[in-house]
Structures are given as C-alpha cells and as structure tokens.
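# Provided below for reference: sequence and predicted model.
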Amino acid sequence: MKKAKVVEGKATFYIPDPQDYIKDGKFDPAWLPVFYNPRMKINRDISVELAKVISPKIVIDAFSASGVRGIRYALEAGVSHVIFNDVDKNAISLIEENIKLNSIQSFEIYNMDANALLNSKRGFFVDIDPFGSPSPFILSAVRSVGRRGVIGFTATDLSPLEGSSPRSCRRKYGAINNRKLSFSKEVGVRILLGRIASEASVEEKGIFPIMSFYYGHFFRVFIRVEEGATKADSSLENLGLVAECPKCGFHKFSNDSCDLRKCEICGSEMTVAGPLWLGSLYESEVLTSMNSEGEAGKLLNKIKQEISAPAFYYSLDKFSSMLNLPAVPSTKDIVECTSGFYTHFDPKGVKTNMDYSEVIKCMKNSIKN
Ligand SMILES: C[S@@+](CC[C@H](N)C(=O)[O-])C[C@H]1O[C@@H](n2cnc3c(N)ncnc32)[C@H](O)[C@@H]1O
Ligand SMILES: [Zn+2]
C-alpha cells in the first residue's frame with residue numbers, strides 16, 4: 001500500500017495515498033483501505049478540546065482507523081494511556097506505524113470487534129466513531145466507561161435521525177420520526193441522546209449531556225455517565241415527545257403523557273416525534289472552558305451562545321412559507337424582537353421563550369419594515 005504523510009493538529013501520520021484511489025476523477029474517503037476523512041477534522045478538533053477539559057487518564061479509541069484520534073488525544077490533551085482498536089487488519093499495521101512515528105509511549109492495540117473490546121476494557125473517555133449509526137455500540141460503551149466517565153458518539157446516519165427514514169429510525173433508535181420537522185437537526189441530536197439514556201438505564205446508569213452538536217454530515221454527542229438506579233430514573237425523566245403543526249408551524253414538547261396531537265393554535269393534526277431527550281444539551285462549565293481555532297473555534301462560539309436557550313427553534317425560511325409571508329425576515333431581527341438566541345443547528349434558526357403569537361407579530365413587523 002502506497003502511503004501519504006498527513007499533518008493534523010500535532011499529529012503527523014500516514015494514510016493510504018488518496019491518489020491511488022481516485023475513480024473517474026472522483027474520490028471518497030470510504031474507498032481507502034484504511035479510512036481517513038479530512039472533513040472530520042472538526043469532529044476530532046472538538047473532541048480533543050473536550051478531552052483537554054475533562055483530562056481523562058485512559059481513553060478508548062474503539063474505531064481507530066489510522067489512529068489519528070487516539071494519537072491526538074495523547075499529544076494534544078495529555079492523555080496518558082490510549083487503547084486503540086479496529087476490526088480491520090490493515091488499520092492495525094497503520095496504527096502501529098503511526099504510534100511509532102508520533103512517539104506515543106503508553107498504549108494498547110487491539111484488532112477486535114468494538115463490542116467485544118468494550119465489554120472487556122475500561123476507559124474514562126470512550127470514543128465511538130463508527131460508520132453510520134452508533135446504536136449497535138451504545139450498551140457496550142456505557143458498560144466500558146469508568147465512574148463519572150465520558151463517552152463521545154458520532155452518528156453519520158442523518159436520514160433516520162432527521163425523520164427522512166422513519167422505519168430505520170424505529171429500528172435503530174426505537175423512536176417515531178415520520179416526517180422531517182422544520183427543526184429536524186435538533187430532533188436528530190435529541191433522538192440519539194434519548195436512545196443513549198434508555199440504554200444506559202438498562203445498566204442502572206444515568207446520562208448527563210455535556211456537549212452535543214450537528215455539523216455538515218454528522219451529529220456528535222458527549223455524555224457523562226453516572227452510576228445508580230436513581231440517576232438512571234432521573235435521566236429517564238428527561239425523555240418525552242415533540243410535535244410540530246404542519247399548517248401553522250406551532251411546536252410544543254412535553255415529558256408527561258399530555259396529548260400533543262391537536263394544534264393549540266389552528267386545530268390541525270400535529271406531527272409527533274420521539275421519544276427524545278428534552279433536557280439540556282450542555283454542561284455549561286465544560287463548554288465555556290473549551291476553546292479552539294478555525295472552524296472548530298467558530299462552531300464552539302456559536303454553540304456557547306445557546307447554552308441557556310430553550311429546546312427547538314423556528315427555522316425562519318420554513319416558518320415564513322408555512323405562514324405564507326411574502327419574504328423571510330432576517331434572523332437578527334427576530335432574535336432581537338423575541339429576545340431570542342441564534343442556533344448552530346440552522347443559520348436561519350431562532351430559539352425563543354416567547355409565545356407563538358408574539359413570534360408571529362415579530363415576523364410580520366420585520367417584513368413590513
Ligand atoms: C469512521 S472510521 C473511524 C475514523 C477514525 N475514528 C478517525 O477519526 O479518523 C470507522 C472505523 O471503524 C472500523 N470498524 C467498523 N466496524 C467495526 C467494529 N464492529 N468494531 C471495530 N471497528 C470497526 C472500520 O474498519 C473503520 O476503520
Ligand atoms: Zn397549527
């Protein structure tokens with residue numbers, strides 16, 4: 001295998017030479033015999049920043065591929081011991097080479113299925129970065145994490161989580177998600193968290209989201225896990241449903257069994273999704289301590305602005321068309337008028353605690369001016 005040398009963060013490492021895998025002038029990182037996607041740098045940058053703040057002694061990088069993640073945790077976040085793993089043999093030789101190249105001192109390398117590895121090892125930060133859905137690995141990840149440890153999950157299966165593949169969402173996440181709601185990106189993150197909370201409760205563990213986001217083609221959530229049936233019970237109290245009216249754009253969420261089916265504003269049938277996580281997505285102390293440069297820094301700054309914002313948002317372009325408005329108001333106008341918040345989930349998204357009728361007034365006033 002011909003290799004190319006790449007630099008990312010403080011790591012210098014080998015990947016299979018992308019030039020050798022171009023087909024008809026096109027290239028997809030999935031065609032490499034060992035996976036490396038430069039578009040996931042932002043995922044790794046933010047994960048490294050989080051690791052710096054929580055400073056875990058042992059990290060399990062359960063889906064290592066080239067090893068870049070685990071190597072960066074050691075070099076940039078001062079993690080003292082990294083457990084690397086990949087089911088693919090080609091990945092293992094590359095990991096060995098890359099560990100040498102970066103002079104990583106304390107490590108273990110396994111060539112196992114991630115579930116088998118996670119059921120036999122313990123880490124204080126467990127990184128789950130598979131292809132597609134992390135669902136098949138949630139339970140073992142929860143088992144492998146030490147007391148008050150943290151797990152990071154990546155999900156690249158946007159369509160079930162966002163409501164474009166309802167049956168797949170039912171299978172993978174045990175949730176009803178039949179139509180893409182106008183705030184579908186946040187629905188995706190919350191369905192994933194809801195599933196994690198349910199699976200953790202089986203092990204009598206509770207979850208505390210410390211940082212969750214959407215970017216480009218993936219979701220990433222970080223949760224702290226605490227032990228005990230009481231923690232599990234209180235974490236399950238954060239599960240509920242959200243509903244959006246397809247006619248007037250009103251939305252409502254609830255974690256009691258109240259009926260969300262009829263729209264309070266226009267009486268139409270609402271689209272209901274869930275179960276999903278309705279609690280906070282962030283642990284303020286951790287998030288405010290995280291800083292980065294470039295794209296990751298920009299994204300972190302956006303996320304920080306919404307720490308105390310309510311769940312879900314109005315997506316102004318979709319909302320304006322539901323209301324048959326002749327134009328889309330500026331996000332800035334509506335944020336100001338509703339004492340609201342910008343959201344990283346959607347450049348045209350506004351989160352607000354204001355009543356629906358007040359938001360409508362702001363929308364109408366904004367396009368008049
Ligand atoms: C998305 S890539 C990981 C990328 C890597 N974490 C990074 O940041 O560059 C997924 C990796 O998981 C490996 N893999 C797939 N299924 C697995 C399983 N069941 N157990 C362990 N590794 C698996 C694949 O061989 C692939 O290298
Ligand atoms: Zn309605």
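On my side now, so go ahead. Ligands and ions are numbered 1, 2, ... in the order given.

# State the next helix or strand along the chain beyond the single longest helix found in the chain.
For the chain, the longest helix by residue count, based on DSSP state H, is helix 184-202. Next in sequence after helix 184-202, counting helices and strands by DSSP states H and E, comes strand 205-215.

# Roughly how far does the residue nearest to Met40 when sequence neighbours are not counted sit from Phe253?
Excluding its sequence neighbours, the residue lying closest to Met40 (Cβ to Cβ, 6 or more residues apart in numbering) is Phe218, at 7.5 Å. Bear in mind the C-beta positions are built from the backbone N, C-alpha and C, glycine included. Noted for Phe218: a distance of 24 Å to Phe253, by Cβ to Cβ, to the nearest Å.

# so where's the stretch 101-250 of the chain shaky on pLDDT?
Of all residues in the stretch 101-250 of the chain, none has pLDDT under 70.

# how about the helices in it?
114-118, 138-144, 158-162, 166-173, 184-202, 229-236 (DSSP state H, counting those that start in this stretch).

# Need the contact partners of the fourth one.
Residues outside helix 166-173 that contact it (Cβ atoms under 8 Å, 6 or more residues apart in numbering) are 133, 135, 157, 159-161, 163, 175-179, 191-192, 194-195.

# and with 10 Å instead?
132-136, 138, 155, 157, 159-163, 165, 175-179, 187-188, 191-192, 194-196, 198, 273, 275-276 (Cβ atoms under 10 Å, 6 or more residues apart in numbering).

# ok, back up a step: surely the residue nearest to Met40 touches Ser133?
No: using Cβ atoms under 10 Å, Phe218 makes no contact with Ser133, being 11.2 Å away.

# Looking at the two, which has the bigger crowd around it?
Higher neighbour count among Phe218 and Ser133: Ser133, with 22 against 19, using other Cβ atoms under 10 Å.

# What values do phi and psi take at that one?
Ser133 adopts backbone torsions of phi -90, psi 140, taken as degrees, to the nearest 10.

# Likewise for Glu306?
Torsion angles, degrees, to the nearest 10, at Glu306: phi -110, psi 20.

# Thought Phe312 was touching it, still the case?
No: using Cβ under 10 Å, Glu306 is not in contact with Phe312; the gap is 11.3 Å.

# All the strands of the stretch 251-369 of the chain, in order from the start?
251-254, 271-277, 314-315, 341-343, 346-351 (DSSP state E, counting those that start in this stretch).

# any idea which of those is most buried?
strand 314-315 (a mean of 28; mean count of other Cβ atoms under 10 Å).

# number of nearby residues for the residue nearest to Phe35 when sequence neighbours are not counted?
Closest residue in space to Phe35, ignoring its immediate chain neighbours: Ala65 at 4.3 Å, by Cβ to Cβ, 6+ apart. When counting by other Cβ under 10 Å, one arrives at 25 neighbours for Ala65.

# buried stuff in stretch 247-265?
248-253, 255, 260, 263, 265 (16 or more other Cβ atoms under 10 Å).

# what's near enough to touch Gly267?
Contacts for Gly267 (Cβ under 10 Å, 6+ apart) come out as 245, 247-248.
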